[in-house]
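*Asks:* Predicted model and sequence below, questions to follow.
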Amino acid sequence: MMNYLFTYFKDKVDILNKVDWNGWMHTPGMPPVKPQYDTTMADACIALCQKWVKAKEEDLAGFSGADVKALSSHQVIEFLSLLLQEEPLPLAHVKRMQEVYDLNAVKNSEIRFRWLRLCVRSHWEEAVAMAMQMATEQGRMKFTRPLFREVYTWEKHRELAVQTFLETRSAMHPVTAMLVAKDLKVDQTQSTGL
């Protein structure tokens, strides 16, 4: 490999001779040079997440649609993912987030999925029906299982999660249905109501 590299880059041999090949190829651990990454986009997500996490109720008026206006959809996904790693937000926070960001209207499944999980965790009643709708309509296990689990975790709506699953499992992919049944502790022989 080294011979090929030196042969291919004949005009760069002086530069190639300056490389610590032993350090790069044979030394355990991290490479000898740590690359510098631009974290500007991630930093914006982290900062907005922390602003919400640390906000008191009297701080909620300080949030506006401008907070997410400049963010890409990938950044909004990251922002919501970071919030899901934190303790559930107070319900007033989630309602304010909807008021200023209008996330209920977002059609992007990755954003909607995280948003609905966040809402259910914060015990927002209105989000339960939307979460069950997404869990049963779009068909992807990566969304279906976590949404069912999220609603099932909220004891008040546990029976709704089970009932919704029983009514819709025949339309699910068999593997998805089997795993959701396991998550919801539903006996595989339990009637589907058909």
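*Replies:* Nice, I can see it. Quick caveat: nothing in here was measured; it's all calculated off a predicted structure.
*Asks:* Which element, helix or strand, includes the residue most central in space within the chain?
*Replies:* Nearest residue to the geometric centre of the chain (CA atoms, centre = their mean): Ser81, 4.0 Å. Following DSSP states H and E, one finds Ser81 within helix 73-84.
*Asks:* Could I get the buried residue list for that helix?
*Replies:* 75-80, 82-84 (16 or more other CB atoms under 10 Å). (C-beta placed from N, C-alpha, C; glycine too.)
*Asks:* Adding distance to His93 as columns, could you present the residues you listed in a markdown table?
*Replies:* Converted to a markdown table, the buried residues of helix 73-84 look like this (distance: CB to CB, whole Å):
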| residue | distance to His93 |
| --- | --- |
| Gln75 | 19 |
| Val76 | 16 |
| Ile77 | 19 |
| Glu78 | 18 |
| Phe79 | 13 |
| Leu80 | 13 |
| Leu82 | 14 |
| Leu83 | 9 |
| Leu84 | 14 |
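*Asks:* Out of the residues you listed, which is nearest to Lys95?
*Replies:* In terms of CB to CB, no member of the buried residues of helix 73-84 lies closer to Lys95 than Leu83, at 14.4 Å.
*Asks:* Return the residues in contact with the nearest residue to Phe9 once chain neighbours are set aside.
*Replies:* Distances taken as CB to CB, 6 or more residues apart in numbering put Leu16 closest to Phe9, at 6.3 Å, once the chain neighbours are dropped. Residues near Leu16 by CB atoms under 8 Å, 6 or more residues apart in numbering: 5-6, 9.
*Asks:* Check which helix or strand Leu16 maps to.
*Replies:* Applying DSSP H and E, one finds Leu16 within helix 13-17.
*Asks:* returning to that earlier point: what separation do you get for the residue nearest to Phe9 and Asn3?
*Replies:* 11 Å (CB to CB, to the nearest Å).
*Asks:* How about Ala44?
*Replies:* 46 Å.
*Asks:* Between those two, point out the one with more neighbours.
*Replies:* Shown here are Ala44 and Asn3; by other CB atoms under 10 Å, Ala44 has more neighbours (18 against 7).
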